[in-house]
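Student: kindly return the folded structure for what I paste below:
(chains A, B and C)
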Amino acid sequence: MTAHEVSRGYEIVVGLEVHCELATNTKLFCGCANQFGSEPNTNICPVCLGLPGSLPVLNERAVEFALRVGEAFNFDVPERSVFHRKNYFYPDMPKNFQTSQYDEPICSEGTLDVDGVTIRITRAHLEEDTGKSTHVGGDGGRIHGADHSLIDYNRAGVPLLEIVSEPDIRSAEQAARYVEELRATLLAIGVSDVKMEEGSMRVDANVSVRLVGATEFGKRCEVKNMNSIRSVRRAVAYEAERQIDLITSGERIMQETRHWNEDDGRTHSMRSKEEAFDYRYFPEPDLVPVEPTAEMRSLVRSQMPELPAAKRERLIDAWAITEHDARVIVDVPGLAEYAEAAVAVLGGGTPKDIVNWLTGDFLGFLNETGTKLDDSNLRPAGLAELVGMVVGGSISRNQGKDVMADALRSGEAPVAIVAARGIAQVSDAGALSGVLEVVFAANVDALDAYRSGDDKMKKKKRGFLMGEAMKATKGDGNPQLLNQLLDQMLEAL
Amino acid sequence: MTAREIAAAVRTGARSARSVLEEHFARIDVREAELHAFNYLMREQAFGAADAIDSAVARGEDPGCLAGVPVAVKDNFCTRGVPTTCSSKILEGWTPPYDSTAVARLHAAGAVLVGKTNLDEFAMGSSTENSAFGPTRNPHDPSRVPGGSSGGSAVAVAAGFSAIAYGSDTGGSIRQPAALCGVVGVKPTYGSVSRYGLVAFASSLDQIGPFAVDVGDAALALEAVWGYDPMDSTSLDATMDSLSDSLDRGVAGLRVGIVRELTEVDGIAPEVQARVAAAAEALSAAGAKVDYVSVPSVSYGLSAYYLIAPAEASSNLARYDGVRYGRRDAGADVATMNSATRDAGFGAEVKRRIMLGTYALSAGYYDSYYGKAQKVRTLIIQDFARAYEQFDVLLTPTAPTVAFEFGSKTADPLAMYLSDVCTIPTNLAGHCAISVPYGTAEPTSGATLTSDGNPKQLPIGVQVLAPALGEATMFRVAKAIEASAP
Amino acid sequence: MPEVPAPLTRADVMHVAQLARLAITESEAELFTEQLAVILDHANDVASLDIDSVVPTAHPLPLVNAFRKDEVRPSVDRDEVLRTAPDALDHRFRVPKILGDS
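Tutor: Residues are numbered from 1 along each chain as shown, chains lettered A, B, ... in the order given. I've put the predicted structure just below:
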């Protein structure tokens, strides 16, 4: 993992344009529901369908969300921002212009720290999304070779925030990490559900390469269609290598838009019919300027949650957990709050124990069963109780796993489950000695090998005997006590 | 009968809305075939609405301030379930799924909609000759234009087809046809009447306003539709001074400025200049202080307007592409289909303005054209502000000439555009203005002769201008002018 | 005094027609070139004004912050809308292929 990747004497230069759909109830300029997966053309009205005579009215919450983003990424929020019309024809755009922001965006000049490196963010601006076309006929739903297209305008007018970075990113890995950090923060401040697979977060990468030490940028290509963070990493890496290949073989880079194909792991030129683009931006006369008031800004500030980077740092310090565990806990929405609630009622063990249980079996169960954290039957207090029993030795770790699975399924409190099922760790030295005697009797060969073997052999056979003893107790034996007794008996041989 | 009289009579049950409507349709049946004021007559719906109003009155309910008043609206107001064409072939087959705010307010006020009136296609024109469905004729002389673009609405009121009518005014499209047809026409302050559901021509200039037979009816008609609308971001959330209450306060002490640059200049016909001078004298006699004022930058108004309005229009009209509603002409791919549809669906003037506006916004020309025009707009606003430091209202002609003959300007777009020279500055500034009929004159040349051999007299309008939200004072002055009219 | 833009050419007209998606004919192009040139020539009184320091007015009224609450309002009936569409299929608007042959 490097922040600055050099290949064959060339460095990679990347700028990212991230579009995220804002998680408002309604669209940017009308009261239609902002909802993914509705029946086609059911969230439409005169405004988002661009019917003659309709007029846009700006969604207050979209502005509030943009201001939150402004806070989160240290943006400068200008006193005034203005919407412009970006004019071009496309059938999924009902007015044949996109209402967007141009030279006066709502946020300008922000930053995002990625693993200690500050990436500058040029701007973040509000704009409306387009409808969705389904291409019929031809090759598997692709636009190329299609016979006709069907358009659903449910998505038309959904609020987007476009966040444009400076070309400060210097490796594919850093590009992926930038997206990860951006995504975690957007999620934490509640402005977007940032699902790349559903398209609520879309990433385009401007990639170029240049000789190390060069001050001018190379010709760049815009890479589109990256549907996961992994594909951002792969696509950027591929595209950079492709460009270096071209340059080193004496060819030129064409400035163009390229399409990432996840299946073949390459980018492909999207060149189609040459069309002159001239967007003829001009101020949208149907909307008035946005001038965030001091009240709006202070309200937004007062509602800002702790940001992921700060939260990770705090948990690493307070709980003595690893960077990796902190990332897992902070990146899963609500999990950090869950962990903090459990730690607050800790009845034995450490916060680290809580985190280990959460990142292990607990998340495993949620993922396997597709359960949402909020819907999980085991609440933080129950988890603390369970961890307390395991750490205190009244049940074994294996029993703890069973109890957790049971609690997650049934919703019973772990203490009640343990009592009802009579689960208890066997900590009776007499009983455990008896178990060991039976194991010794059944494994005379192993004992012989232990006696005559070197340290390595001794260690191996000891491990084997311990395993057999645990098996004999069905995992209920207190491992510490069992270990202790085994050592005594082996010494006495 | 004025709209005020109709509403009063219907509200008290002295007249039925049905009988009022029958009278109006009787006039429509006699003259509409000749004049062509309407694109669509709502006969059946109108009688249904009239009967509903009569029942409401019978039940003791008050149907509203326009109870039983027959009203016509320009065919660029969206009307739910009723074809809305903008006099363009491109909207063939479309009926809006919603009512414009103005139409909804008319229904709520008890008005009876009689039909949708003819206009220059998408309100682009000054003669109603640019309608895809044929021109509207001036009732005073059917060989002449009624003005435009709201020619149908002006004629509906002038010919007694409806008591009041509504139009839209982007550069003079209410006031100029009002002047040419001898009725009152108002362009209210930008933002005072909601534009929601008015099919856009140039969004920063468009404004809805009424036509009426007199100033009192115009006040009533404006008060019925204006006021804040949350569906229009440019709607003014302001308290409007009542117009009807202040109409008769007279003009004693008011300061009236005659705008030199729009009055005593080439291109304004002498007979029109004479009527403005007469109106000024009458105001002076009624106690107003009248003087000349200079508003230098209005000379650039026409040029600025013919950059700004087409620019906004080129974008507003991009949505007519054959995809979602209206006409579609076949094409192998979307772009070809779009172009074929727009070529066949739009008339020459609309195409000309789309081209002009696209050019004015395009890379390399924006600063010289659109950008410059917006700066001129600032200058005009500043010059008006200076004028209004010395004067309460301003006075100008409404149109440079009386109604002209069909075809006399169609080959020369610039000559046609000059019809709006006096009305455009108000739209650029977002202010209000009213045109009041003030006598008649025979045209300088080519007059039609009446049966007794005399040249036909044609109406002339004078225009009163006021700053934003200055309607109350503007109406007082208009009322005084009307009172002195020959 | 700022220079006025060069006179409009027929090539400009063809380019603008393409941007505006208007399939104009040869004779229309001819006529438009002539007519637009006259109008633009008239507009050069504005283009030649030396007013760089003047702030442009995009909007006649000094309104700001016209917002709407983030509350869902009923959508229109899609059948009512699709009924007046030039072509519809499976509750969606149908258009010919988006990419042309080239």
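
Student: got the residues of chain C near chain A?
Tutor: Contact residues, chain C versus chain A (Cβ under 8 Å from any Cβ of the partner chain): C:15, C:18-19, C:21, C:58-59, C:63-73, C:75-76, C:78, C:81-82, C:89-100, C:102. (Glycine included, C-beta is placed from N, CA and C.)

Student: just the residues you listed: which are in strands?
Tutor: Taking DSSP state E, the ones among these that sit in strands are C:67-68, C:89, C:92-96.

Student: can you count the residues close to A:Gly352?
Tutor: If you look again at residue A:352, you'll see it is Lys, not Gly. Residues lying near A:Lys352 (other Cβ atoms under 10 Å in any protein chain shown) number 14.

Student: restricting to C-alpha, output whatever helix or strand it lives in in CSV.
Tutor: Assigned by DSSP states H and E, A:Lys352 belongs to helix A:351-357. Provided in CSV are the C-alpha atoms of helix A:351-357 (Å, rounded to 0.1, in the frame of the first residue of the first chain):
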residue,chain,number,x,y,z
PRO,A,351,-13.6,-2.8,25.7
LYS,A,352,-11.3,-4.8,23.4
ASP,A,353,-13.2,-8.0,24.4
ILE,A,354,-16.4,-6.3,23.4
VAL,A,355,-14.9,-5.3,20.0
ASN,A,356,-13.5,-8.8,19.4
TRP,A,357,-16.9,-10.3,19.9
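
Student: who touches that helix?
Tutor: Residues outside helix A:351-357 that contact it (Cβ atoms under 8 Å, 6 or more residues apart in numbering or on different chains): A:318-321, A:325, A:329, A:339, A:342-343, A:346, A:383-384, A:386-387, A:390-391, A:400, A:404.

Student: drop anything exposed from the residues you listed.
Tutor: Burial by neighbour count, 16 or more other Cβ atoms under 10 Å in any protein chain shown: within the contacts of helix A:351-357 this picks out A:319, A:321, A:325, A:329, A:339, A:342-343, A:346, A:383-384, A:386-387, A:390-391, A:400, A:404.

Student: farthest pair within the ones in strands among the residues of chain C next to chain A?
Tutor: Largest separation among those by Cβ to Cβ: C:Phe67 and C:Pro96, giving 39.3 Å.

Student: ok, these two, which is more surrounded?
Tutor: C:Pro96 (23 against 18).

Student: just the buried residues from the residues of chain C next to chain A, in PyMOL please.
Tutor: The PyMOL selection below is limited to those of these classed as buried (16+ other Cβ under 10 Å):
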select buried, chain C and resi 15+18+19+21+58+59+63+66+67+68+70+75+76+78+81+82+92+93+94+95+96+97+98+99
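
Student: give me the subset of the residues of chain C next to chain A touching chain B.
Tutor: Restricting the residues of chain C next to chain A to those within reach of chain B (Cβ under 8 Å from any Cβ) leaves C:19, C:21, C:58-59, C:63, C:66, C:68, C:76, C:81, C:93, C:95-100.

Student: and of these, the nearest to B:Pro459?
Tutor: For those, the nearest to B:Pro459 is C:His59 (34.3 Å; Cβ to Cβ).

Student: for the closest one, give me its contacts.
Tutor: Applying Cβ under 8 Å, 6+ apart, we find C:His59 in contact with A:283, A:285, A:288, B:204, B:234, B:430.

Student: out of these, which comes closest to A:Ala188?
Tutor: Of these, the one sitting nearest to A:Ala188 (Cβ to Cβ) turns out to be A:Val288, at 31.7 Å.

Student: can you tell me what sits against the helix or strand containing A:Asn367?
Tutor: Assessed by DSSP H and E, A:Asn367 sits inside helix A:363-369. For helix A:363-369, the external contacting residues (Cβ under 8 Å, 6+ apart) are A:328, A:332, A:335, A:371-373, A:376, A:404-405, A:408.

Student: looking at those residues, which are in helices?
Tutor: A:328, A:335, A:404-405, A:408 (DSSP state H).

Student: in ChimeraX, how would I select the buried members of those residues?
Tutor: To isolate the buried members of the ones in helices among the contacts of helix A:363-369 in ChimeraX, using 16+ other Cβ under 10 Å:
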select /A:328,335,404,408
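
Student: quick check, nearest of the ones in helices among the contacts of helix A:363-369 to chain C?
Tutor: In terms of Cβ to the nearest Cβ, no member of the ones in helices among the contacts of helix A:363-369 lies closer to chain C than A:Leu335, at 27.5 Å.

Student: what sits against the closest one?
Tutor: A:328-329, A:358, A:363, A:373.

Student: near chain C, which residues of the stretch 151-300 of chain A are found?
Tutor: Residues of the stretch 151-300 of chain A lying close to chain C by Cβ under 8 Å from any Cβ are A:151-153, A:272-273, A:276, A:278, A:280, A:282-283, A:285, A:287-291, A:293.

Student: so where's the stretch 301-450 of chain B uncertain?
Tutor: By pLDDT under 70, the stretch 301-450 of chain B contains no weakly predicted segment.

Student: and the furthest pair within the contacts of helix A:363-369?
Tutor: Farthest pair in those (Cβ to Cβ) is A:Val328 and A:Ala405. Separation: 20.1 Å.

Student: just checking, what packs against whichever helix or strand comes after the helix holding A:Asn367?
Tutor: Next helix or strand after helix A:363-369 toward the C-terminus (DSSP H and E): helix A:380-392. Under the contact definition 3 or more Cβ pairs under 8 Å, 6 or more residues apart in numbering or on different chains; DSSP states H and E, helix A:380-392 sits against helix A:335-344, helix A:351-357, helix A:397-410, helix A:414-421.

Student: could you find the closest non-adjacent residue to the residue of chain C found nearest chain A?
Tutor: Nearest residue of chain C to chain A, counting by Cβ to the nearest Cβ: C:Arg73, 3.0 Å away. For C:Arg73, ignoring the flanking residues on the chain, the nearest one in space by Cβ to Cβ, 6 or more residues apart in numbering or on different chains is A:Gly31 at 3.0 Å.

Student: and stretch B:126-134, anywhere near chain A?
Tutor: No. Using Cβ under 8 Å from any Cβ, stretch B:126-134 stays clear of chain A, with a minimum separation of 15.2 Å.

Student: what comes up buried for stretch A:231-251?
Tutor: Buried residues in stretch A:231-251, counted by 16+ other Cβ under 10 Å: A:231-244, A:247.

Student: check stretch B:359-372 too.
Tutor: B:359-362, B:365-366, B:368-372.

Student: what about chain C: which of these touch it?
Tutor: Counting by Cβ under 8 Å from any Cβ, B:359, B:362, B:365, B:368-369, B:371-372 from the buried residues of stretch B:359-372 sit close to chain C.

Student: returning to what we had before: including pLDDT, could the contacts of helix A:363-369 go into CSV?
Tutor: Formatted as CSV, the contacts of helix A:363-369 follow (pLDDT from 0 to 100):
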residue, pLDDT
A:Val328, 90
A:Val332, 84
A:Leu335, 91
A:Thr371, 84
A:Lys372, 86
A:Leu373, 86
A:Ser376, 86
A:Met404, 90
A:Ala405, 88
A:Leu408, 88
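
Student: quick one: which of those is nearest to chain B?
Tutor: Set against chain B, the nearest of those by Cβ to the nearest Cβ is A:Lys372 (36.7 Å).

Student: show me the contacts for residue 24.
Tutor: I went with chain A, as the question did not name one. By Cβ under 8 Å, 6+ apart, the contact list for A:Thr24 reads A:34, A:59, A:61-62, A:65, A:159, C:70.

Student: oops, chain C please
Tutor: Contacts for C:Ile24 (Cβ under 8 Å, 6+ apart) come out as B:343, B:351, C:13-14, C:17, C:32.

Student: distance to B:Asp54 and neighbour count added to the residues you listed, as a markdown table?
Tutor: Shown next, in a markdown table, are the contacts of C:Ile24 (distance: Cβ to Cβ, whole Å; neighbours: other Cβ atoms under 10 Å in any protein chain shown):
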| residue | distance to B:Asp54 | neighbour count |
| --- | --- | --- |
| B:Asp343 | 49 | 17 |
| B:Lys351 | 47 | 22 |
| C:Val13 | 58 | 24 |
| C:Met14 | 60 | 15 |
| C:Ala17 | 54 | 22 |
| C:Phe32 | 54 | 24 |
